[in-house]
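Undergrad: test case, fold it:
(chains A and B)
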Amino acid sequence: MSERTLVTVFLRGGADGLYLVPPIGDDDYHRARPTLAVKPPDAIRLDHMFGLHPLLKPLERWFQDGRLAVVHACGCDDDTRSHFEAQDLMEHAGRAVAGGWIGRFLRATAASGGGALDAVALGTAIPESLRSAPSSAAIESFAELGGAEDLRLHAALAGLYASDPLLAAPAHDALTASERLTDLAAATYHPEYSAVYAADTFSERLARAAQLIKAGIGVRAINVDLDGWDSHFVQDTVLAGKLTTLAAGLNAFATDLGPRLADVSVVVMTEFGRRVAENASLGTDHGRGGALFVLGGGTPGGMHCQWPGLKTGVLEGPGDVPMIHDWRSVVTPVLRRHGVDDLSRVLPEWMGESLPV
Amino acid sequence: MTVSRRSLLITGGGILLALAGCGPELAMPALPGLPSLFDGGDRPLLPPSADGIDLASHLLTRLGCGAAPGEREDLLALGRDPDTAASAWLVAQLHPEGIDDSVCERHVRRLDALAEPVGELYEYRDFVLLRELTAATVMRAVHSRRQLHEAVVRFWTDHFNVDISKGECAWLTPAQDRDAIRRHALGKFSDLLRAVALGPAMLWYLDGRVNRSATPEEKPNENYARELMELHTLGVHGGYSQQDVMEAARCLTGWSVRESHGLFKFFKGRVEFNHHHHDDGAKTVLGQWIPAKGGEHDVDLLLDRVVRHPATARHLATKLCRRFIAEVPPTAAVDAVAAAFTASDGDIRSTMAALVATAEFRAPTVRGARLRRPFDHLTACIRATGGTTDGGPALTEYLRRLGHAPFQYPTPDGYPDAAAAWTGGLLWRWRLAVALARGRVHGTAIDGAALVRRCGGMDAALAHLYGRKPTAAESAPLAAAGDDALALALSAPAFQRC
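TA: The predicted structure is shown next:
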């Protein structure tokens, strides 16, 4: 099996699924969102019911190509509507489990001895989802992983380890990884396939993710956060930049990977969607079901949702899209494509359906 | 109402964490108040000069985190010949209460959350407790004079693994470390097992708290009962049946951990027995009849039965020999250790004494043949060079990169002992050595120049670090490495082993 990488993009703050993926075919949606609804002519149509927000235009071609799957009314079964609680539950993927779901995924599929760097969080901190990974690092730049000055030791290390019965081969792998990381730190990156990354932090991090993947040093999971989705106030203003950043970053990343995208799954997730009715300050409050995306890695793509509608009787709690599809039903097929045979080792509390994504 | 202390601690801790940060840092002076290890002075050292690892160095590296400068000399001064001295050292190490460790403990006590009673631990944020518990563990590994005790603590921490990230283990794990593992590490295994089994952390981690059978329809939760036999006592091939697991689970029904109820918040985390949730019928576990109406005493009979089962002595002896002697434990040593365990009624001190007395433990082929696990390696880098550390995030970040952060292993079997599980982290071991040698790990300081000076040259410093005279192939590259000589010495294959 070729080397595969799982990339998670966590939209922190509770991204509004009704804004990213508006149910333009649902009259109740337009009634509940007099100012914030995406109008049908503006939306990028996905099927008879759903569209994409126009600022997500760069994602359209991936959907049309069958490499982007979109799931709606999706989330976790936390109903506190607390950012912390919901993120925590999703990242651990259970209430009484140990470690993070990606950490368990990596342990369940680790080769003996593990790689030099199984998991990377591009950012300042390791997210809970990577907890208990065999090896993980939070990095802002490749310089943190290796610098030219360390190369001075390489020749000596190669000599010292050359005849070690146990460690010669792992040392060779580590030296190779170190040299590649040093090269990454030193070189200007030239994306492929005419991909153009924007200058924002999110795109920069995705460009680094693409570099790590192309370097072939065995990185099997990468997390990138995109913060700032908590749009209680003037949502149009708050989210316009976020949508642009998200779509441009994912488009550049997927383009840059070219055929490698078949071996890279990108899962875009958020802790919850938002209240159906907009509030008086042109924003939306914490809700339940939202939108998730899976890009590449062999997903058949498409729109997936048993849309419950937005009638009063359907809405949950204070008026929220119910969680029809547990987010784990989205990641189980992804995990299988990444070599997980026994899903109970990764998602021990999950025995539900798998969506065909 | 719900106490602002928790939020105060959040803020305070958050600032500290932000300040501590990771990445390149200015060289730090030694930790204030922590003298260089042991002798604190500058007396010349007498590193080993034989081609093979001598007994003193073997004891200090295999039963501890490397020989601190002067430690080997102190050990040899305990007797008129090396064997007598080694025996005296072992007797002292097996009685840690007699070793003055006040300097180390004074520094550990600054981590004030760890001294709180269980109900108060809950008031601290998760990351504060993890940071303090990790710091305490690292500081003791590096600075404690009770090295054998610490090594045995690490063994039991793996044996009775709990993952601090599972639910309430966030604040119950420090209690298990303090009240069960450390208290009984060299005591009676039965006391240790009971403290763990009826401790709130294990009741949480392996679901014992929800193991109840108030009505005949309610099926017990078997999670802990199975691991009790499979991992903690008899071993997977120890001769128990599925029926034994189910019967053991019945014995354990009703033991739970107090949740918080309004005014009774003070008792949160308290372990209690609820008769109404206990299956009080008769049971048979491993052939032992446990009569009906035993109530909370069922657990006594159950634990007594599993502790005395011959498979338990065998299982523990095998694991101890794997950890302290060789990955494939020599049968003769396992026999001797199991016999000592049984003869001493499960006294861990006597069992360890028997282990270190075996010819297999002392065999020259065994010395230096074990791959140090990342935690032992990281702490040895500091201890063997006479450095100091606060065990803070800049250092422990490397443990995560090496995949060996204490209290963070997800499954109940604990971090593996097999060398093959740990060969992937060489890149980070080298990075760590470079960062330490260049003074770039905030809160940790080592002084390579002083070590070389006190040893009387680079080759002698290598002999101190490796426990034997270095080979020509080992010392040649160092001569050419200039400022990186210490980094290279700590990165070399010989220092990855113990």
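
Undergrad: just the helices in the stretch 251-400 of chain B please.
TA: B:298-308, B:310-324, B:331-343, B:348-357, B:359-362, B:374-383, B:393-401 (DSSP state H, counting those that start in this stretch).

Undergrad: closest to chain A out of those?
TA: Closest approach to chain A among the helices of the stretch 251-400 of chain B (CB to the nearest CB): helix B:393-401, 5.0 Å. In short, each C-beta sits where N, CA and C put it, glycine included.

Undergrad: what sits up against the following helix or strand past the closest one?
TA: Once helix B:393-401 ends, the next helix or strand along the chain (criterion: DSSP states H and E) is helix B:426-437. Residues from elsewhere that reach helix B:426-437, judged by CB atoms under 8 Å, 6 or more residues apart in numbering or on different chains: A:116-117, A:135, A:145-146, A:150, A:153, A:157, A:161, A:167, A:170-171, A:174, A:177-178, B:24, B:374, B:377-378, B:381-382, B:385, B:387, B:398, B:401-402, B:441, B:444, B:446, B:448, B:483-484, B:486-488, B:490-491, B:496.

Undergrad: which of those count as buried?
TA: A:116-117, A:135, A:145-146, A:150, A:153, A:157, A:161, A:167, A:170-171, A:174, A:177-178, B:374, B:377-378, B:381-382, B:385, B:387, B:398, B:401-402, B:441, B:444, B:446, B:448, B:484, B:486-488, B:490-491, B:496 (16 or more other CB atoms under 10 Å in any protein chain shown).

Undergrad: before we move on, the earlier item: nearest to B:Leu203, of the helices of the stretch 251-400 of chain B?
TA: helix B:298-308 (11.4 Å; CB to CB).

Undergrad: next one: the closest one to chain centre, how far?
TA: Here the centre of helix B:298-308 is set off from its chain's centre by 25 Å, with CA atoms, centre = their mean, to the nearest Å.

Undergrad: which strands and helices sit next to that helix?
TA: helix B:189-197, helix B:242-252, strand B:283-285, strand B:288-290 (3 or more CB pairs under 8 Å, 6 or more residues apart in numbering or on different chains; DSSP states H and E).

Undergrad: what residues does B:Leu462 make contact with?
TA: Counted by CB under 8 Å, 6+ apart, B:Leu462 has contacts B:470, B:474-475, B:478, B:489.

Undergrad: hang on, it in a helix?
TA: Yes. B:Leu462 forms part of a helix when assessed by DSSP: H, G, I helix; E, B strand; the rest coil.

Undergrad: excluding chain neighbours, what is closest to it?
TA: Of all residues not flanking B:Leu462 in the chain, B:Pro470 sits nearest, at 4.1 Å (CB to CB, 6 or more residues apart in numbering or on different chains).

Undergrad: which ones among the contacts of helix B:426-437 map onto strands?
TA: B:Thr444 (DSSP state E).

Undergrad: who are the contact partners of B:Val108?
TA: B:114, B:136, B:139-140.

Undergrad: apply 10 Å and report the result again.
TA: The neighbours of B:Val108, taking CB atoms under 10 Å, 6 or more residues apart in numbering or on different chains as the test, are B:101, B:114-115, B:132, B:135-137, B:139-140, B:143-144, B:391.

Undergrad: again with A:Val70
TA: A:17, A:20-21, A:46-47, A:50, A:52, A:56, A:59, A:63, A:268, A:291-295, A:301-305, A:357.
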